[in-house]
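Colleague: What follows is a predicted protein model with its sequence.
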Amino acid sequence: MSRPLPRVEVELRRWVPGWALRVVAVVVTAGTVVLATAGASAAGGLAVFLLFVAAAIGGWVAWRPGAAPALLGAVVTAFLLAFTPSDGRASAALWLAPLAYLGVRLCVWAAATRPTARVELGALARSARVDGIVIGVTVLLGAVASLLDGGSFAGLVVGAVAVLGLVILVLSTEDGRP
């Protein structure tokens with residue numbers, strides 16, 4: 001003989017739907033590639049191809065969000081930055097690197113959340129503090145490297161390695177949780 005289960009009440013504070021988190025992840029991840037395409041001054045067939053790549057990455061994020069499509073978007077963005085004329089490369093990296101990082105973090109959150117779930121803003125805020133620090137340090141590193149090196153390709157590579165090391169350090173301390 002089974003007894004009835006007790007009633008459980010759950011109180012949620014302010015929240016966003018999981019599907020909204022997924023939409024923002026799509027916009028940021030695909031938008032970063034589109035902005036990099038515009039910054040690289042791609043023209044003709046190459047621009048159309050890169051916009052198709054951005055749409056494919058956005059579709060992948062919408063269908064199955066996670067780190068893989070976001071990292072692919074970051075790699076395409078970095079590839080485009082490598083072929084941007086040297087006078088605009090440093091300034092483009094200053095705003096595209098934080099966007100690529102934000103896209104990765106949003107995709108990880110979207111992968112951990114069903115579209116029908118509710119995500120409490122307090123949970124996002126806890127992660128946002130660490131993410132804000134990483135993005136702030138990234139911008140600071142980029143600005144300092146740009147001032148000291150004058151925006152050369154070697155400076156871009158050194159800065160990218162430093163940012164990658166910072167991201168790995170921060171993400172490894174989060175115990176694998178979004």
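Modeller: That came in fine, so what should we check first? These figures come from a predicted structure and were not determined experimentally.
Colleague: Which of the helices or strands spans the most centrally placed residue in the chain?
Modeller: When C-alpha atoms, centre = their mean is applied to the chain, the residue found nearest the centroid is Gly103 (1.8 Å). Per DSSP states H and E, Gly103 falls inside helix 86-111.
Colleague: Just the residues contacting the very next helix or strand once past that helix, thanks.
Modeller: Where DSSP H and E defines the elements, the next helix or strand beyond helix 86-111 is strand 118-120. Under the criterion C-beta atoms under 8 Å, 6 or more residues apart in numbering, residues 12-18, 21, 109, 113 lie in contact with strand 118-120. Glycine gets a C-beta too; all of them are placed from N, C-alpha and C.
Colleague: what about 10 Å?
Modeller: Residues outside strand 118-120 that contact it (C-beta atoms under 10 Å, 6 or more residues apart in numbering) are 12-18, 20-21, 109-110, 112-113, 126, 178.
Colleague: Next step: these restricted to helices.
Modeller: Judged by DSSP state H, the subset of the contacts of strand 118-120 located in helices is 18, 20-21, 109-110, 126.
Colleague: What's the ChimeraX line that selects buried ones from the residues you listed?
Modeller: Filtering the ones in helices among the contacts of strand 118-120 down to the buried ones (16 or more other C-beta atoms under 10 Å) takes a single ChimeraX command:
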select :18,21,109,110
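Colleague: just curious, which of the contacts of strand 118-120 is nearest to Gly58?
Modeller: Nearest to Gly58 out of the contacts of strand 118-120 is Ala110 (C-beta to C-beta; 12.2 Å).
Colleague: so who does that closest one touch?
Modeller: Counting by C-beta under 10 Å, 6+ apart, Ala110 has contacts 18-26, 29, 61-62, 64-66, 70, 119, 178.
Colleague: In this protein, where is pLDDT below threshold?
Modeller: 1, 85-93, 145-146, 148-160, 162-163, 166-178 (pLDDT under 70).
Colleague: And the strands in it?
Modeller: Using DSSP state E, the strands found in the chain span residues 15-17, 118-120.
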